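**Student:** structure for the following, please:
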Amino acid sequence: MDIPRGTAAITLARMAIPTEPIGSVPRPAELLKAMEGHSAGRASAEELESAYESAVCDTLHRFEATGSPIITDGEQRKSSFATYPLEGLTNLSPDGVVIPFKDGHTRQLPRLAAGPFRYGKYAGEYVRRAKPIANRPLKQAVISASALSLLYPADGIDGYSSEQFIEDLIAEAVADISSALNAGAECVQIDFTEGRLSLKLDPSGALLKSFVDLNNRVLQRFSASERARIGVHVCPGGDHDSTHSADVDYAGLLPALFATNAGRFYLQLSSEADRKTVLRRIAELLGPSQRVFVGVIDPISREIETPEQVCDRVLEAAAILPLDRLGTTDDCGFSPFADDVSTARDVAFAKISARVEGTAMAAAKLGV
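**Tutor:** Prediction:
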């Protein structure tokens, strides 16, 4: 269901409204088999690396075929969007915070058992590996410092205070973003899916404010020009076709979110029941140097959106938001955890193609 390369080139040339993916796409069956085999001792490290390389190469080429002006490696090498920095660490216990989803399944974070806290892997590695293969600018997603702050246990760690943990966490989060920028990423997206969830855990908003304050302590380490290339993504979760906080009203999230000192905001919107109300609130909060990428594709829906449907959603947003600060994206990643196969790989790329084509269609209608 790929767009022919000739059509992709035309679409790219006409892309006056920016459009970007969120990050993850479903892994090929061959990669999932190799990952499982390596974990069970049936596949060698060389066989796993070959499967990773093949999956990344195929993902980048399929992204390019959609005409997408910004592409990603689809997070093919990540265990998950949240846990990649923890790979290889030995000071973790499995009994951390549990995140429940609407359909009843859960995800559980590990718990930091001893200090100091250091990343086991930085996102720049993914950029360095993908860049020689890619023919378009690369985007890289990173996990937020606020999400990783949940690793520290409520009863503390002997000899390693929460204050020292936060200082170490900030330094590591800065190093993670820097590694991606230094490796050549066009832009970096901070995944902040716990933002909406925090209001479910603490309706007062105090937890949300603490999360935003922590992420701002990371962002303040970057220059204004660097922050213009750094964005924040929020959604109500999207795992195995289920969410963890879709019932939380955007009204409680947006004011705190737009206090984040980032240049870009990637917002789930296509699956919202009252998009116009949300768009009006965004218009009130959007800063003069900020750009908002509105979600026009619902990764959880089995229906493949048409370019015409995407175009209508873009026109709806353009009637409310400043056109020079409007972009489009997907509501969420298609497979944020490696084992999430609820969406077929072909379906994900068909949806991405519809986003790219529909955004270009809207730009033409708007005369930009």
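**Student:** neighbours around the nearest residue to Gly237 once chain neighbours are set aside, how many?
**Tutor:** When the adjacent residues along the chain are set aside, Gly237 lies closest to His244, with 3.8 Å between them (CB to CB, 6 or more residues apart in numbering). Every residue, glycine included, has its C-beta placed from N, CA and C. Counted by other CB atoms under 10 Å, the residues lying close to His244 total 23.
**Student:** who touches His244 in this structure?
**Tutor:** When contacts are counted by CB atoms under 8 Å, 6 or more residues apart in numbering, His244 touches Ile99, Pro100, Phe101, Lys102, Thr193, Leu197, Lys200, Pro236, Gly237.
**Student:** bridged to the second one, which residues?
**Tutor:** Taking DSSP bridges, one obtains Thr106 as the residues bridged to Pro100.
**Student:** doesn't Lys200 make contact with it?
**Tutor:** No: Pro100 lies out of contact with Lys200 (CB atoms under 8 Å); the separation is 9.7 Å.
**Student:** can you confirm the residue nearest to Gly237 is in a strand?
**Tutor:** No: membership of His244 in a strand is not supported by DSSP: H, G, I helix; E, B strand; the rest coil, which gives coil.
**Student:** how about Leu89: what's its closest non-neighbour residue?
**Tutor:** Closest residue to Leu89 in three dimensions, ignoring its sequence neighbours and counting by CB to CB, 6+ apart: Gly120, at 4.6 Å.
**Student:** next: Arg229.
**Tutor:** Nearest residue to Arg229, sequence neighbours excluded (CB to CB, 6+ apart): Cys187, at 4.7 Å.
**Student:** what's around that neighbour, how many residues?
**Tutor:** Residues lying near Cys187 (other CB under 10 Å) number 20.
**Student:** so it touches Arg264, yeah?
**Tutor:** Yes: counting by CB under 8 Å, Cys187 does reach Arg264; the two are 6.9 Å apart.
**Student:** mutual contacts of the two, please.
**Tutor:** Residues touching both Cys187 and Arg264 (CB under 8 Å, 6+ apart) are Arg229, Ile230, Gly231.
**Student:** ramachandran angles for the first one?
**Tutor:** For Arg229, the backbone dihedrals are phi -100, psi 0 (criterion: degrees, to the nearest 10).
**Student:** and it, what is it in contact with?
**Tutor:** Leu181, Glu186, Cys187, Val188, Gly263, Arg264.
**Student:** kindly export the helix or strand that contains His38 (C-alpha atoms) in PDB.
**Tutor:** Using DSSP states H and E, His38 maps to helix 29-39. In PDB, the C-alpha atoms belonging to helix 29-39 read as follows (Å, rounded to 0.1, in the frame of the first residue of the first chain):
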ATOM      1  CA  ALA A  29       7.500 -10.800  12.300                       C
ATOM      2  CA  GLU A  30      11.100 -11.800  11.500                       C
ATOM      3  CA  LEU A  31      12.500  -9.300  14.000                       C
ATOM      4  CA  LEU A  32      10.000 -10.300  16.800                       C
ATOM      5  CA  LYS A  33      11.100 -14.000  16.200                       C
ATOM      6  CA  ALA A  34      14.700 -13.000  16.400                       C
ATOM      7  CA  MET A  35      14.200 -11.000  19.600                       C
ATOM      8  CA  GLU A  36      12.300 -13.900  21.200                       C
ATOM      9  CA  GLY A  37      14.900 -16.400  20.100                       C
ATOM     10  CA  HIS A  38      17.800 -14.300  21.400                       C
ATOM     11  CA  SER A  39      16.000 -13.900  24.800                       C
END
